[in-house]
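Chemist: Need a 3D model of the sequence below.
(chains A and B)
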Amino acid sequence: MILGVTVITFLLLHALPGSLARDILGTRATPQAIAQFNRQNGLDSSVWVQYWKFLLKLLHGNLGFSFRLDRSVDSLLATELPRDLVLGGLSLLLSLLIAIPVGIAQAVKRNTVTDYGATGVSFILYSMPQYAVALLMIQLFSITFNIFPAEAPQGVSWLNMLEHPAGLVLPVASLTLVSYAYFSRYMRSSAIDTLAQDYIRTARAKGLPERLVLLRHLLRNSVLTVVTLIGVSIPSIITGTLITEQVFNFQGAGLEYFNAAVSNDYEVMLGITVLVGVVTVLGNLIADVAYALLDPRIRY
Amino acid sequence: MQSFKRSLSMATVVTVVAITVGALGSGSSAASSTRSSTAATVISGIKQTGIGLTEPTKPSGARIKGGTVTWAEAPQTTPNYIFPMTNFSVCSDANTSDFSSLMYRPLYWYGNNYEPTVDYGYSVANEPVFSDNDTVVTIKLKPWKWSDGESVSARDVEFWINLYKADTANYCGYVPGFFPDNVKSMSTPNASTIVLHLNRSYDPVWFLYNELSQITPLPLAWDRTSLSQKAPTADNGHLPDTTKSGALKVFKFLDTQSKALGSWATSPVWAVVDGPWKLTAFNSDGEATFVPNPHYSGSPKPTISKFVELPYTSDTAAFDEFRSGGPSAVTIGYVPAQDVPQIPALEAAGYTDNRASSYSFNYFPLNFNNPKVGPIFRQLYFRQAFQHLIDQPGWINAFLDKTAVQTTNPVPPAPPSPLVKVSAANNPLPFSISAAAKLLSANGWKVRPGASTTCVKPGTAAGDCGAGITAGEAISFNLDYAGGTTAIESEMNDLEAQAKRVGITLQVTSHPFDTVVGAAVPCTPKQAVCKWTAENWGAGWIYSPDFLPTGESLFAPGAAANANGYSDPAATKLIDQTVFAPASEESKLLTQYAALMSTQVPVVYGPTSIGIYGGTAGTLVGDRLGGFTAQAFSYLTPEAWYLTK
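Modeler: Purely as a prediction, here's the structure:
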């Protein structure tokens, strides 16, 4: 599958209009400089030859070199992935910690004021552009009340981020709010379905306390849907935080991918695409394993 | 050019949708409808003298010693190359005037504060002496020292030239046939003097501004091929190894070291500086921290204790930081083009809005070699008619919030230069639909406003459409522009509407900045890449490292940046004269060149935005920062700055 992704991406990228050499070297570049650039970087070869060379490099763990950034894609990702994992991972964890109990509570108290209120909040957050959420938070908490910094913690190490937790509050919160709305809707729906199952009725009939019914029977069975969503959400930790990265001055892979896309930086795009492909496969694998652990009826 | 390039590409996502001007097709210019003043008052509305421009800032508080000054880098324009010999792919202000020149001083310093001239006070060398009918250049170096204790010597200049000659084609200042091709030989009669023998007479002004401007003396400590090799000194340096292979090995070593971003601050190579600053920290995000070089020989010496350059992912992120943190977070920032209405809020936060311009001009090319519409673009009357459709005063007022200057030729009207004076208010081809229609009608076209104007008199005689244009041919072409900036989008929409008023059909579409730049390649009509018709990347041209606004890089036949294939004998002759004539004639020739190009319209001129960052709407300067003067060529000079209580 990953090989297929690389073929399609490679061909699409090379079908883009414009001259990469002219783009990278600028309007001042002489024809000699352009010819030399193409020769040195193998851009004067056929697209299949270029692809073969890319594959050979990939097999050796070499994701290529960014002409725009003047650095290797490996070093770029080595710097930015850990930070993305902190940002995306924290927000994913937080949104789940909020969404799962809220979703269950809504299901248990469905069609009550609590349910309607939580649904309203979810709909508002879900329908708000992430960009607007982020800007509103900055205006309110940074500019008006000056409680939290307007930018994420700076520094290339992910440890720098953890050393300045105040700077993480707004970017993590803006991501969490949007993904919370998403997860809580699914959790509510799944929990409502599970509540209608016979084993829930049986558990209640045999006098099991409601708390244990919810924890042992409802949560474990209804969370399977969310596990699927988590599996497919893992790749978005890498590239799904573009808006947050832009607004909160956070240097991450999502932003690099966007910048690479608008500047024909093929190797960065290919590198991140391959990485996202691998993580997508892994995410689904993790979800499958989690199914088996959560539900013994599932066998592979 | 790259600094603006990145800010534009970022803006494609982060620009908040602004109020766009509608009803452009109604027959009247939306831009014109809001016009309240003439071009002259628009220009005069942008103050080009005074505090922060021609005079350093002077805050009222007591001056303090030390302190940290922070400076916002424009989005996506972080330094990524420290070696001060930049090839085309790393040729940007972010790497040179904003970064490496703080540590490694160029031979001559361009920008006498806000005046676009040489500042010999900041230069490593004294004024060059031209002799033998301007065929010999003698450069005398000042008695400066490198931070390793070695003298800045003629061998350092020779070292730079040797490296340049080994890989000439890749260096971003290179123009074929000129430096270093035009240096027959060089000699070093003593340790502080280098003599260049040229292949013919050159205008000394031009040679100083466009050729010597490329040179940065390099320390002999860099003349090696590995880190394990002992750093050469004046006693044991092997600089006489002037072979191409030897120079290439040294270049490769330095290039490799320069690509190792993470090691810059600790590298024994880059630690040897002759500028006022040395790098103490740098991370791959682009955050750079400088402290004063105690061995700096020049003047003034730094008084602040730290200078920090801060990276930003977007205009929005930077702007929010200016708003929330103010000058205590970022001492020097910029006004994003879309945030001009917020200037009062920024001033309230403690900033002064500095309205300096960088020495540049804005334009976009029409492809003369396009097989379909190229013959139309080659007609002078068409280019003049098309220029009449550009409503510069209207655009400046309606779309640019009066943060741009009218541009009528390649010689920038601002900052004002004593070498050549042009008036931005004097536009020989001002916005006029009737003038455009008249020109087309007088040259064989049946003008059909709102419909399709067609050629009714094909041929090459006076009053005919011109060579290569067929009977019944319409004027219709694509105009690609760099998307993401509201002002450019509004301008292009307005131009589309104005063109329709004289029966010209434009298909205006936005693309990423790099796609637009990458499309505008020099070509011949039969080449597949020659399909492009008009490409507007919105940034035009910044004069660096060719600081004199002559046209050998832009409009001479075959010039690298002459993407559209413009060629005119009178223009070519004038360009040659600005390169080869005696110095006494340079000013007169440049004035003639500016006048000719105003009517030749080799490219379509548009308003040039102010802002020393390039393409922004002004520079924000913290109100506690003293000694700040905008530099005409955007060089940073924190050694002249100080903080107050």
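Chemist: any idea of the mean pLDDT for stretch B:363-372?
Modeler: On average, the pLDDT along stretch B:363-372 is 97.
Chemist: swap in stretch A:117-136?
Modeler: Stretch A:117-136 shows a mean pLDDT of 91 in the predicted model.
Chemist: hmm, who's touching that stretch?
Modeler: A:102, A:105-106, A:170-171, A:174-175, A:177-178, A:180-182, A:184-185, A:188, A:243-244, A:247-248, B:16, B:316, B:320 (CB atoms under 8 Å, 6 or more residues apart in numbering or on different chains). All C-beta atoms are positioned from the backbone trio N, CA, C, and that covers glycine.
Chemist: Give me the buried subset of the residues you listed.
Modeler: A:102, A:105-106, A:170-171, A:174-175, A:177-178, A:180-182, A:184-185, A:188, A:243-244, A:247-248, B:316, B:320 (16 or more other CB atoms under 10 Å in any protein chain shown).
Chemist: Just those residues: which are in strands?
Modeler: Among those, the subset assigned to strands under DSSP state E is empty.
Chemist: Narrow those residues to those in helices?
Modeler: A:102, A:105-106, A:170-171, A:174-175, A:177-178, A:180-182, A:184-185, A:188, A:243-244, A:247, B:316, B:320 (DSSP state H).
Chemist: Near whichever residue of the stretch 401-550 of chain B sits closest to chain A, how many other residues are there?
Modeler: For the stretch 401-550 of chain B and chain A, the shortest gap (CB to the nearest CB) falls at B:Gly518, measuring 3.0 Å. B:Gly518: 28 surrounding residues under other CB atoms under 10 Å in any protein chain shown.
Chemist: Find the centremost residue of chain B, please.
Modeler: With distances taken as CA atoms, centre = their mean, B:Ile542 lies nearest the centre of chain B, 1.6 Å away.
Chemist: ok, and the closest non-adjacent residue to that one?
Modeler: B:Ser360 (4.2 Å; CB to CB, 6 or more residues apart in numbering or on different chains).
Chemist: That neighbour: how many residues sit nearby?
Modeler: For B:Ser360, using other CB under 10 Å, the count is 25.
Chemist: Let me see the ranges of the strands in chain A.
Modeler: A:65-66, A:71-72.
Chemist: dump the residue contacts of the closest residue to A:Ser236 other than its chain neighbours.
Modeler: Using CB to CB, 6+ apart and skipping the chain neighbours, the partner closest in space to A:Ser236 is A:Gly88 (7.1 Å). Taking CB under 8 Å, 6+ apart as the criterion, A:Gly88 is in contact with A:175, A:236-238, A:240-241.
Chemist: Quick check: end-to-end length of stretch B:366-375?
Modeler: 11 Å (CA to CA, to the nearest Å).
Chemist: May I see the buried residues of it?
Modeler: B:366-370, B:373-375.
Chemist: In chain A, what helix or strand scores lowest on average pLDDT?
Modeler: When the helices and strands of chain A are scored by mean pLDDT, DSSP states H and E, helix A:20-25 comes last with a mean of 80.
Chemist: so how far is it off the chain centroid?
Modeler: Relative to the centre of its chain, helix A:20-25 is centred 30 Å away, using CA atoms, centre = their mean, to the nearest Å.
Chemist: now check it, is it near chain B?
Modeler: Yes. Using CB under 8 Å from any CB of the partner chain, helix A:20-25 comes into contact with chain B via A:20, A:22-25.
Chemist: Could you measure from the closest residue to B:His511 other than its chain neighbours over to B:Asn367?
Modeler: Leaving aside its chain neighbours, B:His511 sits nearest to B:Asp480 (5.2 Å; criterion: CB to CB, 6+ apart). Going from B:Asp480 to B:Asn367 by CB to CB, to the nearest Å gives 11 Å.
Chemist: same check, this time on B:Asn162
Modeler: B:Asn162 is 39 Å from B:Asn367, by CB to CB.
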